[in-house]
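Participant: quick check, what structure comes out for this input:
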Amino acid sequence: MLGHIRGRGRSLLMTASLAVVLLALAGYVLQGTADTTRATEQQSAALVVDMKFTEARIAVAMQEVNLRHYQVEPSVAVRSRFEKVAEEAERNLTEIAGSSDERTREDARRLLTGQVTYRGLAEELIAKVADSDPDFMQFDRLQVTPAFYSLQNDVDDVSRAYHEYAQQQVTRLGEAQGRLLLGTAMGFGVGLTLVAMIMRMVLGYQRRLVAQAADSRHQAMHDPLTGLPNRALFQQKLQKSVTHAERGGRTAMMVIDLDGFKAVNDTIGHHAGDQVLIEAGRRLAGHVGAPGVVARLGGDEFAVLLPRVTGLPEATALAERLVAELNRDFVLGDRPAAISGSLGVALSPAGGAVDADDLFRHADTAMYRAKRNGGGVAVYDPGTDADEQDDRMQLFADLRLLLETGDPDGQLQLHYQPVVRLSDCLVTAAEALVRWQHPSRGLIMPATLLPVAERGGLETGLTYHLLAAAARQGAAWLSSGWRLRLSFNVAPGALRDDRFAETVLATIGAAGLPAELLRLELTETGIMADSGTTLRRLSGSGVTVSVDDFGTGFSSLLQLRDVPADELKIDRIFVGDLAGGTPDEVMVRSSIDLAHNLGLEVVAEGVEDAATLVRLRQMTCDHAQGFVLSHPVPAGDLPEACRSAEAVAAGALGQAVPVSPAC
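Facilitator: Below is the predicted model of the structure:
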């Protein structure tokens with residue numbers, strides 16, 4: 001009996017002990033879970049704040065990048081990008097300022113005040129640059145730059161402090177997990193299973209947070225379409241590379257622009273354009289090995305960084321290979337698209353310090369020169385390119401002011417080149433060609449003027465301004481009894497204006513020029529920007545259309561099939577050598593036959609000698625223009641130029657000099 005009582009007592013004691021152990025374990029597990037949950041919440045909040053401060057820091061830096069870009073290329077697109085990142089920085093800081101933590105709110109408010117101050121100064125600097133204020137550099141040096149570095153240092157310090165705090169929270173979470181694991185290891189199976197489930201859940205949540213943070217950083221530093229580094233990451237790597245290059249070695253930088261990309265977007269669609277960008281990035285990356293960097297800067301611009309090269313020959317050899325890769329046709333579905341590349345190369349000086357922004361600008365300037373030369377590779381040359389960028393910015397500002405004020409002094413002038421009909425040697429048309437009589441730079445030709453207008457978004461305004469002047473001149477000739485058709489060149493971008501047709505018809509209507517006396521000359525690239533509606537409407541009104549520079553585009557036959565054209569102009573590069581059996585002769589003869597079969601008239605441009613006139617007549621070409629007949633001349637000299645052109649043509653072709661209406 002006593003033994004039974006003792007046994008029962010031990011059982012009760014064991015049961016009580018087990019109950020105590022289970023309760024203690026349960027309490028420990030609950031307490032540990034609560035601590036872990038609290039630590040997880042603190043870690044999550046810290047990571048969120050860290051991420052937002054990091055995003056704000058990146059946005060602050062990108063403001064400066066876009067501000068400097070605007071000083072180099074003051075365009076609406078660059079200013080829009082500046083405003084976008086400024087709004088992003090202020091939005092992130094405003095969200096952080098709503099935090100429940102007093103210190104976090106104070107830091108965010110201080111940074112937001114600095115950001116607003118810097119943005120105001122930066123916008124004032126943008127206005128000075130846009131207005132060509134000569135004091136903008138001093139204003140930048142004394143106010144904008146100090147404000148930026150003050151803001152940058154402050155946001156860097158704050159971001160670093162919160163990053164360290166987030167890491168501390170990660171450490172605390174790990175310690176709490178370790179304590180929980182040690183305590184539950186002394187329990188029984190159910191407790192271990194429960195703890196394991198809790199740990200698995202907590203660890204999974206932590207991994208998701210870490211993965212999300214890594215993914216957010218990757219997205220912030222990479223282009224979402226191509227997966228390549230974006231401008232921000234490229235700038236970081238460029239700065240690091242330049243720093244190392246100062247200690248020995250040279251850094252090569254390349255800027256690449258895709259020629260013909262807009263035509264793909266406009267004719268095949270943006271999805272096809274995206275395919276081109278992805279494939280272009282793949283081709284570039286495939287030829288640039290580690291530690292080189294290929295990045296997409298935005299739009300159809302890419303950049304290549306070679307942190308260490310032996311010299312210019314190594315860099316240019318790679319540049320030539322990259323351009324050759326881009327010149328290979330891009331296959332989009334069942335149709336090819338011909339894209340080419342313009343590439344600028346800049347090299348850091350041997351053994352000398354170089355600024356990363358300067359190296360970037362040098363490569364960008366060289367790229368523009370390559371584009372003007374028809375594509376390919378151009379190497380930055382201080383003697384050629386040093387002042388070009390500043391000149392381009394000043395010319396852009398002057399042209400914009402000229403168009404805004406309506407050109408009261410008549411700086412933008414039109415010269416006219418006669419077009420002779422080869423069947424009777426009579427001048428039937430004149431092509432209007434722009435000249436800019438700049439007050440300080442003298443006469444500026446289209447090869448300089450038009451790229452400035454195109455890159456600055458002024459090509460549509462310039463087209464409309466010159467069209468009005470040409471229409472008034474044509475109407476004046478008509479009122480004097482001279483019925484001469486005007487051929488007018490249309491910038492490719494102008495055809496994308498939704499009101500292009502209405503503006504053209506309203507302009508010639510206001511001038512009193514009949515629609516049938518206006519012929520719009522459109523390049524193949526320009527025609528590709530139109531769905532066909534605009535040109536059909538103009539054609540229906542009586543305005544005629546000429547396909548200019550035929551043979552130099554990418555989709556000639558495809559476009560000729562669908563475009564309501566009246567004339568085809570063979571580019572001057574094919575008219576130089578028309579001896580029998582030469583490639584140029586075959587090209588010109590085939591183009592004439594094709595045009596006639598499509599019911600189009602043919603004009604040969606760039607005719608330089610009488611023998612070419614004779615050969616063109618034998619090939620049944622309809623019209624010709626070129627220096628052998630007449631150079632472009634001011635409107636007042638055109639009647640005499642027409643008479644001279646008719647006499648030259650008649651003499652070369654053995655015909656009687658016609659009686660010109662210009663006489």
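Participant: for Gly457, give me its contacts.
Facilitator: When contacts are counted by CB atoms under 8 Å, 6 or more residues apart in numbering, Gly457 touches Ser75, Val76, Ala77, Gly493. Yep, even glycine has a C-beta here, placed from its N, CA and C like the rest.
Participant: kindly recompute the last result at 10 Å.
Facilitator: Contacts for Gly457 (CB atoms under 10 Å, 6 or more residues apart in numbering) come out as Ser75, Val76, Ala77, Phe396, Arg400, Gly493.
Participant: is it possible to get CSV of those that adds pLDDT?
Facilitator: Formatted as CSV, the contacts of Gly457 follow (pLDDT from 0 to 100):
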residue, pLDDT
Ser75, 85
Val76, 84
Ala77, 84
Phe396, 82
Arg400, 89
Gly493, 79
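Participant: given the top strand by length along the chain, what are its sheet partners and their directions?
Facilitator: Longest strand in the chain by number of residues, with DSSP state E as the criterion: strand 426-438. Note on strand 426-438: by DSSP bridges, its sheet partners are strand 412-421 (antiparallel), strand 442-444 (antiparallel), strand 485-489 (parallel).
Participant: which one, of those strands, ends up nearest to Phe360?
Facilitator: Closest approach to Phe360 among the strands paired with strand 426-438 is made by strand 442-444 (27.4 Å; CB to CB).
Participant: what is whichever helix or strand comes after the closest one packed up against?
Facilitator: Once the chain leaves strand 442-444, the next helix or strand it forms, by DSSP states H and E, is helix 446-455. Using 3 or more CB pairs under 10 Å, 6 or more residues apart in numbering; DSSP states H and E, the elements in contact with helix 446-455 are helix 356-372, helix 388-405, strand 426-438, helix 459-479.
Participant: what does helix 446-455 contact?
Facilitator: Identification of contacts with helix 446-455 by CB under 10 Å, 6+ apart yields 73, 75, 368, 371-372, 391-400, 403, 412, 433-436, 438, 441, 444, 458-463, 489, 491-493.
Participant: if you set the cut-off to 7 Å instead, what comes out?
Facilitator: With CB atoms under 7 Å, 6 or more residues apart in numbering as the contact definition, helix 446-455 has outside contacts at Arg372, Arg392, Leu395, Phe396, Leu399, Leu433, Val434, Trp436, Glu459, Leu462, Ala491, Gly493.
Participant: in it, what counts as buried?
Facilitator: Residues of helix 446-455 classed as buried: Thr448, Leu449, Leu450, Pro451, Val452, Ala453 (neighbour count, 16 or more other CB atoms under 10 Å).
Participant: now the helices for the stretch 151-300 of the chain?
Facilitator: For the stretch 151-300 of the chain, applying DSSP state H, counting those that start in this stretch gives helices covering 189-221, 231-245, 261-267, 270-287.
Participant: starting at the chain centroid, how far to the third one?
Facilitator: Translated: helix 261-267. 13 Å (CA atoms, centre = their mean, to the nearest Å).
Participant: what do you get for the second one?
Facilitator: Relative to its chain's centre, helix 231-245 lies at 21 Å (CA atoms, centre = their mean).
Participant: average pLDDT across that helix?
Facilitator: Here helix 231-245 scores 82 as its mean pLDDT.
Participant: pull the CA atoms of it into PDB?
Facilitator: These are the backbone C-alpha positions of helix 231-245, laid out as PDB (Å, rounded to 0.1, in the frame of the first residue of the first chain):
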ATOM      1  CA  ARG A 231      22.600  54.500 -67.100                       C
ATOM      2  CA  ALA A 232      22.900  54.800 -63.300                       C
ATOM      3  CA  LEU A 233      24.900  51.500 -63.000                       C
ATOM      4  CA  PHE A 234      27.000  52.400 -66.000                       C
ATOM      5  CA  GLN A 235      27.900  55.700 -64.500                       C
ATOM      6  CA  GLN A 236      29.000  53.900 -61.300                       C
ATOM      7  CA  LYS A 237      31.200  51.500 -63.200                       C
ATOM      8  CA  LEU A 238      32.600  54.200 -65.400                       C
ATOM      9  CA  GLN A 239      33.600  56.300 -62.400                       C
ATOM     10  CA  LYS A 240      35.200  53.300 -60.700                       C
ATOM     11  CA  SER A 241      37.000  52.400 -63.900                       C
ATOM     12  CA  VAL A 242      38.300  56.000 -64.400                       C
ATOM     13  CA  THR A 243      39.600  56.000 -60.800                       C
ATOM     14  CA  HIS A 244      41.600  52.900 -61.400                       C
ATOM     15  CA  ALA A 245      42.800  54.100 -64.800                       C
END
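Participant: so where is the stretch 551-663 of the chain shaky, pLDDT-wise?
Facilitator: Along the stretch 551-663 of the chain, segments meeting pLDDT under 70 span 551-561, 660-663.
Participant: apply 90 and report the result again.
Facilitator: The stretch 551-663 of the chain contains residues with pLDDT under 90 at 551-565, 570-587, 590-591, 594-595, 598, 653-663.
Participant: for it, which segments count as helices?
Facilitator: Using DSSP H, counting those that start in this stretch, helices in the stretch 551-663 of the chain cover 556-562, 583-597, 610-618, 638-653.
Participant: check the ones you listed for me and report the most buried one.
Facilitator: Sort the helices of the stretch 551-663 of the chain by mean neighbour count, taking mean count of other CB atoms under 10 Å, and helix 638-653 sits at the top with a mean of 20.
Participant: what's it packed up against?
Facilitator: Applying 3 or more CB pairs under 7 Å, 6 or more residues apart in numbering; DSSP states H and E, one finds that helix 638-653 makes contact with strand 412-421, strand 426-438, helix 610-618.
Participant: quick revisit: any idea of the angle the longest strand of the chain forms with helix 446-455?
Facilitator: Strand 426-438 and helix 446-455 are oriented at 70 degrees to each other (axes from the mean of the first three to the mean of the last three CA atoms, to 10 degrees).
Participant: and the contacts of the one helix or strand Glu87 maps to?
Facilitator: According to DSSP H and E, Glu87 maps onto helix 76-97. Contacts to helix 76-97, defined as CB under 7 Å, 6+ apart, come from residues 49, 52-53, 55-56, 59-60, 62-63, 66-67, 69-70, 104-105, 108-109, 111-112, 115-116, 119, 126, 457.
Participant: just want the angle from it to helix 231-245.
Facilitator: Going by the same axes, to 10 degrees, helix 76-97 makes 100 degrees with helix 231-245.
Participant: pLDDT weak spots in the stretch 101-250 of the chain?
Facilitator: Low-confidence segments of the stretch 101-250 of the chain (pLDDT under 90): 101-227, 230-233, 235-250.
Participant: could you redo the last one with a cut-off of 80?
Facilitator: Counting by pLDDT under 80, the ranges of the stretch 101-250 of the chain that qualify are 101, 136, 147, 151, 155, 158-159, 161-220, 242-249.
Participant: now do the stretch 351-500 of the chain
Facilitator: For the stretch 351-500 of the chain, the stretches with pLDDT under 80 are 351-354, 372-374, 381-394, 447, 455-456, 492-493, 496.
Participant: what about Asn373, how many residues nearby?
Facilitator: Applying other CB atoms under 10 Å, we find 11 other residues in the vicinity of Asn373.
Participant: measure it to Pro492 for me?
Facilitator: Asn373 is 19 Å from Pro492, where distance means CB to CB, to the nearest Å.
Participant: ramachandran coordinates for the residue nearest in space to the middle of the chain?
Facilitator: Compute the mean C-alpha point of the chain, and by CA atoms, centre = their mean the closest residue is Gly299, 3.8 Å away. Per-residue torsions, Gly299: phi 60, psi -130 (degrees, to the nearest 10).
Participant: want to throw the helices and strands packed on helix 638-653 into TSV with distance to Arg643?
Facilitator: TSV is the format used below for those (distance: least, CB to CB, whole Å):
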stretch	distance to Arg643
strand 412-421	9
strand 426-438	8
helix 610-618	17
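Participant: for Glu279, find the nearest of these.
Facilitator: Closest among those, using CB to CB: strand 426-438, at 37.1 Å.
Participant: ok, and what's touching that closest one?
Facilitator: Counting by CB under 7 Å, 6+ apart, 411-421, 443-446, 449, 466, 470, 484-488, 519, 623, 625, 632, 638, 642, 645-646, 658, 660, 662 sit against strand 426-438.
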